[in-house]
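S.K.: below are the sequence and a predicted model; questions follow.
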Amino acid sequence: MHDTYHHEHIATRGERLLAIILEIIVLASIVPFKWLGDYLFGQRWTVLEMTGGDLLGVMVLLALLYLQIILVVRRSQSIGKYMLDIQVVHNKTEKRIGFWRYYLLRDIVGRTLIIGSLPILDLIFEPLYFFIDSLFIFRKDKRTLHDLIAGTKVIHLALEKRAKSFFDFSKL
């Protein structure tokens with residue numbers, strides 16, 4: 001019997017949604033660090049008009065940003081995608097994509113630039129664009145609008161390509 005679980009296939013809509021939710025949770029983890037910093041250093045210690053909690057929160061944010069960049073460069077994954085063993089690949093070649101295609105085309109052009117170029121109207125159109133972009137996931141190929149712009153798709157990694165440990169940031 002052929003085991004299809006070991007082979008790469010298009011990530012499910014649920015996996016992609018869960019990856020975003022996990023990233024929001026990870027980002028929200030900054031708040032307890034801010035509270036801890038305020039508790040440890042108090043509100044009276046300030047640098048550049050920031051409290052100790054603000055500084056601790058910024059340090060955690062910078063660490064998460066560094067981790068995100070490492071994952072994108074080495075594995076074509078965001079933090080949430082890494083946690084779920086899904087990866088962004090080129091639509092035609094199915095090879096992992098580089099940092100510039102990931103951020104420049106998928107995130108900046110595919111998600112931000114189109115709406116950001118509308119000066120005042122972006123407040124109205126950004127939620128609408130996000131909604132329309134999200135609805136594209138219901139296409140047969142499960143590619144969002146930003147996937148179409150960047151020429152990418154999201155796949156579930158084959159067992160042999162998954163991270164060996166939680167801190168495996170090796171190249172694929």
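M.R.: Ah, there it is. Numbers count the residues shown, from 1 in each chain.
S.K.: how about the contacts made by the most centrally placed residue in the chain?
M.R.: Per C-alpha atoms, centre = their mean, the C-alpha nearest to the average position across the chain is that of S78, at 3.9 Å. Shown in contact with S78 (C-beta atoms under 8 Å, 6 or more residues apart in numbering): A19, E23, Q68, L71, V72. For glycine as for every other residue, the C-beta is placed from the backbone atoms N, C-alpha and C.
S.K.: turn those residues into a markdown table, including secondary structure, distance to I10 and neighbour count.
M.R.: Below are the contacts of S78 laid out as a markdown table (DSSP: H, G, I helix; E, B strand; the rest coil; distance: C-beta to C-beta, whole Å; neighbours: other C-beta atoms under 10 Å):
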| residue | secondary structure | distance to I10 | neighbour count |
| --- | --- | --- | --- |
| A19 | helix | 14 | 21 |
| E23 | helix | 20 | 18 |
| Q68 | helix | 23 | 19 |
| L71 | helix | 20 | 20 |
| V72 | helix | 20 | 25 |
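S.K.: check which element follows the worst-scoring helix or strand of the chain on mean pLDDT along the chain.
M.R.: Here the helix or strand of the chain ranked lowest by mean pLDDT, DSSP states H and E is strand 46-47, holding a mean of 54. Scanning forward in sequence from strand 46-47, with DSSP states H and E defining helices and strands, the next element found is strand 50-51.
S.K.: check which helices and strands that next one is in contact with.
M.R.: Contact analysis of strand 50-51 by 3 or more C-beta pairs under 8 Å, 6 or more residues apart in numbering; DSSP states H and E lists helix 30-41 as its packing neighbours.
S.K.: ok now the helix it packs on, how far from the chain's centre?
M.R.: Averaging C-alpha positions (C-alpha atoms, centre = their mean, to the nearest Å) puts helix 30-41 25 Å from its chain's average.
S.K.: ok, now stretch 143-151?
M.R.: 15 Å.
S.K.: got a list of contacts for it?
M.R.: Contacting residues not belonging to stretch 143-151 are listed as 90-92, 97, 101-102, 105-107, 109-111, 132-134, 136-137, 152-154 [C-beta under 8 Å, 6+ apart].
S.K.: what is the mean pLDDT for it?
M.R.: Averaging pLDDT along stretch 143-151 yields 90.
S.K.: re earlier: could you dump the contacts of S78 to TSV with distance to E160 and pLDDT?
M.R.: Listed next are the contacts of S78 as TSV, based on distance: C-beta to C-beta, whole Å; pLDDT from 0 to 100:
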residue	distance to E160	pLDDT
A19	21	93
E23	25	92
Q68	24	92
L71	19	93
V72	21	91
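S.K.: I am finished for the moment; much appreciated.
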